[in-house]
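Asker: Provided below for reference: sequence and predicted model.
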Amino acid sequence: MTEDNFVDYVSLNLRSGNGGRGSSHLRREKFVAKGGPDGGDGGNGGDIIFRGDANIWTLYTFKFKKHFKAGHGGDGGRNKRTGKKGKDIIIKVPLGTTIIEKKSDKLLAEITENNKEIVLLRGGLGGRGNCYFKSPTNRTPRYSQKGISGEEMIITLELKILADVGLVGFPNAGKSTLLASITSAKPKVGDYEFTTLKPNLGIVEYKDFKTFVVADIPGIIEGASSGKGLGHFFLRHVERNSILLFLISAEHNIHNRFLILRDEMLKFNPELLDKKFIVVISKIDLIEVSKRSLFLDKVNKEFKSTSVIALSSVINLGLDTLKDKLWKVLNSAQIE
């Protein structure tokens with residue numbers, strides 16, 4: 001998945017099908033003087049159905065198709081024949097998609113399981129044929145019902161990336177470089193802020209054919225929770241990650257930047273602070289070898305009980321240690 005075709009926010013116009021009209025047919029046969037009513041019911045309209053698909057990672061296809069209309073139910077026929085049901089529309093979306101009614105901003109559904117289906121809009125019911133209205137006092141009803149109209153709605157689809165590990169940090173902290181170093185992903189890398197404007201996903205191949213998914217979240221800056229630097233768009237992708245990896249460059253005050261990132265998450269969604277997390281220092285190669293021990297001792301004292309991992313994607317230092325730690329945390333109940 002490339003950054004160019006990643007789309008995580010779209011609006012769609014939906015309409016389910018109308019129910020078919022019931023038939024008011026009267027039976028006419030040779031030698032049957034009073035055949036009576038035999039009109040069938042109309043068919044139900046088609047539904048609008050959403051289905052989770054683990055093979056889709058983006059809402060990109062909806063850039064080109066934004067209107068979806070289910071089929072109308074067929075009309076009832078003679079001999080009590082029921083009209084054909086309208087064709088359902090099945091819309092496949094990536095896991096982690098939330099469906100929101102645009103008018104009321106109400107959350108309608110969340111799709112997090114593969115092949116899980118949600119009927120969002122039901123088709124209108126088919127109208128009753130005249131056969132339904134036959135009674136002892138009305139042996140030959142000559143009327144039937146119209147079908148009920150389908151539903152119409154404008155919705156918003158929001159994709160929140162489902163990944164085992166989310167890379168969180170300031171712009172230019174080395175997140176994309178790290179993702180490229182531990183996975184086969186090829187994110188855009190540059191020595192300037194906001195190189196990454198969309199999340200990138202990569203799969204880490206661990207020991208004994210084990211794997212886990214890592215998401216590179218675009219850089220977060222102070223004030224992101226209130227929308228600065230498009231932060232409110234980026235932060236929502238953190239909500240579905242199992243572990244948060246705070247990546248902070250050795251060029252900066254590690255503890256201070258960690259507190260800023262945590263504060264932005266607290267303001268955006270306090271529940272994010274309940275997630276497991278790991279603190280990682282990137283670009284440790286920028287610190288002279290003779291000074292690294294003293295530098296790390298100072299950082300560890302500031303973090304107290306939280307262990308800190310130092311690495312360099314450029315010289316391939318600490319990457320295996322990080323993979324081991326991530327796998328251990330993913331499979332443990334608590335962070336050590």
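Answerer: On my side now, so go ahead.
Asker: can you pull out the helices in the protein?
Answerer: If you assign secondary structure with DSSP state H, the helices in the chain sit at 175-182, 231-235, 254-268, 289-303, 319-330.
Asker: Indicate which one of those is closest to Ser149.
Answerer: For Ser149, the closest of the helices of the chain is helix 231-235, at 36.3 Å, according to CB to CB. C-betas here are computed from N, CA, C, even on glycine.
Asker: With mean neighbour count as extra columns, can I get the helices of the chain in JSON lines?
Answerer: As requested, those are arranged in JSON lines below (neighbours: other CB atoms under 10 Å):
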{"stretch": "helix 175-182", "mean neighbour count": "23"}
{"stretch": "helix 231-235", "mean neighbour count": "19"}
{"stretch": "helix 254-268", "mean neighbour count": "18"}
{"stretch": "helix 289-303", "mean neighbour count": "12"}
{"stretch": "helix 319-330", "mean neighbour count": "17"}
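Asker: any idea how far Glu205 is from Ile182?
Answerer: Taking CB to CB, to the nearest Å as the measure, Glu205 falls 9 Å from Ile182.
Asker: And for Gly19?
Answerer: Here the criterion is CB to CB. By it, Gly19 lies 55 Å from Ile182.
Asker: How about Gly22?
Answerer: 63 Å.
Asker: before we move on, what about Lys116?
Answerer: To Ile182, Lys116 is 30 Å away according to CB to CB.
Asker: ditto for Ser290
Answerer: Applying CB to CB, one obtains 28 Å for the distance of Ser290 from Ile182.
Asker: ok, now Ala54?
Answerer: Taken as CB to CB, the spacing of Ala54 relative to Ile182 amounts to 22 Å.
Asker: ok, how many other residues are close to the closest residue to Leu178 other than its chain neighbours?
Answerer: When the adjacent residues along the chain are set aside, Leu178 lies closest to Ser313, with 5.1 Å between them (CB to CB, 6 or more residues apart in numbering). Using other CB atoms under 10 Å, the number of residues around Ser313 comes to 23.
Asker: measure Ser313 to Thr183 for me?
Answerer: 12 Å.
Asker: contacting residues around the nearest residue to Glu152 once chain neighbours are set aside?
Answerer: The spatial neighbour of Glu152 that comes closest, neighbours along the chain excluded (CB to CB, 6+ apart), is Arg15 at 4.6 Å. Residues near Arg15 by CB atoms under 8 Å, 6 or more residues apart in numbering: Ile48, Phe68, Lys69, Ala70, Leu121, Gly150, Glu151, Glu152, Met153.
Asker: So which residues of the stretch 101-250 of the chain form strands?
Answerer: Secondary structure of the stretch 101-250 of the chain by DSSP state E, counting those that start in this stretch: the strands cover 106-111, 117-121, 152-159, 165-168, 200-205, 211-216, 243-249.
Asker: Out of the ones you listed, which gets nearest to Asn331?
Answerer: Shortest distance between Asn331 and the strands of the stretch 101-250 of the chain, using CB to CB, is found for strand 211-216: 9.6 Å.
Asker: Please point out which parts of that closest one sit buried.
Answerer: Going by neighbour count (16 or more other CB atoms under 10 Å), the buried part of strand 211-216 is Phe212, Val213, Val214, Ala215, Asp216.
Asker: how close does the first one sit to Phe68?
Answerer: Right, the one you point to is Phe212. If you measure Phe212 against Phe68 using CB to CB, the figure is 35 Å.
Asker: quick one: the residue nearest to Glu152 and Gly22, what's the gap?
Answerer: When distance is defined by CB to CB, Arg15 is 22 Å away from Gly22.
Asker: Tell me which of the strands of the stretch 101-250 of the chain sits nearest to Lys323.
Answerer: Shortest separation from Lys323 across those is recorded for strand 200-205, at 6.3 Å, computed as CB to CB.
Asker: Can you list the strands that that closest one pairs with?
Answerer: Using DSSP bridges, the strands paired with strand 200-205 are strand 211-216 (antiparallel).
Asker: Give me the mean pLDDT for the strand it pairs with.
Answerer: When pLDDT is averaged over strand 211-216, the result is 87.
Asker: quick one: the residue nearest to Leu178 and Lys175 touch, right?
Answerer: No. Because the distance of 9.8 Å does not satisfy CB atoms under 8 Å, Ser313 is recorded as not touching Lys175.
Asker: Would you mind confirming that Gly43 makes contact with Gly77?
Answerer: No. Using CB under 8 Å, Gly43 makes no contact with Gly77, being 10.2 Å away.
Asker: Least confident secondary structure element in the chain?
Answerer: helix 231-235 (a mean of 60; mean pLDDT, DSSP states H and E).
Asker: Go ahead and name everything in contact with stretch 235-246.
Answerer: 8, 96, 112, 158, 160-169, 199, 214-215, 217, 220, 224-225, 258, 261-262, 264-265, 268-269, 271-272, 275-280, 326, 329-330.
Asker: Just the buried ones from those residues?
Answerer: In terms of neighbour count (16+ other CB under 10 Å), the buried residues within the contacts of stretch 235-246 are 8, 96, 158, 160-169, 199, 214-215, 217, 220, 224-225, 258, 261-262, 264-265, 268, 272, 276-280, 326, 329.
Asker: got a list of what Phe277 touches?
Answerer: For Phe277, the set of contacting residues under the criterion of CB under 8 Å, 6+ apart consists of Ile243, Leu244, Leu245, Phe246, Ile335.
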